[in-house]
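Enquirer: Have a look at this prediction, sequence included:
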Amino acid sequence: QVQLVESGGGLVQPGGSLRLSCAASRGFFSISTMAWYREVPGKQREFVAILDTLGPINYTESVKGRFTISGDSAISGGNTKPTVDLHMNSLKPEDTAVYYCQIDGWITESTPRAKYWGKGTLVTVSS
């Protein structure tokens, strides 16, 4: 099994910046995508940004130009623990949410592909 742990959340004023980080507890055999989602109480979890290890990066429209996803998914015999960051600039009150990281991949050669989630980190944008 693998645990993903997010960090970096907190209270920030509108217009401010935060960097969220997500680290895996073990290496992956192979990774397809690394992503960030967010959830506001009472609403569905929504996609924020995704990094495809084959190249494409996509963002939800509301964060384009303000958020940047970056990740280290280098695989080396399954010993490298992947990390994925979300750099958030020009934060707005509507960005307030619990942010979750997700890694989609195979933790070993023999385990099926699965989506792994962290437990989330709270970001509050308020003056």
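Expert: Right, received. Where do you want to start? Residues are numbered from 1 along each chain as shown.

Enquirer: May I see the buried residues of stretch 6-23?
Expert: Using 16 or more other Cβ atoms under 10 Å as the test for burial, stretch 6-23 gives Glu6, Gly8, Gly9, Val12, Leu18, Leu20, Ser21, Cys22, Ala23. (C-beta placed from N, C-alpha, C; glycine too.)

Enquirer: now the residues you listed in TSV, with pLDDT and distance to Arg45?
Expert: Shown next, in TSV, are the buried residues of stretch 6-23 (pLDDT from 0 to 100; distance: Cβ to Cβ, whole Å):
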residue	pLDDT	distance to Arg45
Glu6	97	14
Gly8	97	19
Gly9	97	16
Val12	98	21
Leu18	98	19
Leu20	98	15
Ser21	97	19
Cys22	96	15
Ala23	94	20
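
Enquirer: Is it correct that Val12 is in contact with Val125?
Expert: Yes. Using Cβ atoms under 8 Å, Val12 is in contact with Val125, at 5.7 Å.

Enquirer: shared neighbours of the two, which are they?
Expert: Common neighbours of Val12 and Val125 (criterion: Cβ atoms under 8 Å, 6 or more residues apart in numbering): Leu91.

Enquirer: Which strand residues bridge Val123?
Expert: When assigned by DSSP bridges, Val123 has beta-bridge partners Gly10, Ala97.

Enquirer: Let me see the contact set for it.
Expert: By Cβ under 8 Å, 6+ apart, Val123 lies in contact with 9-10, 12, 18, 20, 38, 88, 91, 95-99.

Enquirer: same thing but 7 Å
Expert: Gly9, Leu18, Asp95, Thr96, Ala97, Tyr99 (Cβ atoms under 7 Å, 6 or more residues apart in numbering).

Enquirer: what does the helix or strand encompassing Arg19 rub up against?
Expert: Counting by DSSP states H and E, the element that carries Arg19 is strand 18-24. The set of residues external to strand 18-24 that reach it, using Cβ under 7 Å, 6+ apart, is 2, 4-10, 12, 81-88, 91, 99, 101, 103, 118, 121, 123.

Enquirer: and if we set it to 8 Å?
Expert: Strand 18-24 is contacted from outside by 2-10, 12, 34, 36, 81-88, 91, 99, 101, 103, 116, 118, 121, 123, using Cβ under 8 Å, 6+ apart.
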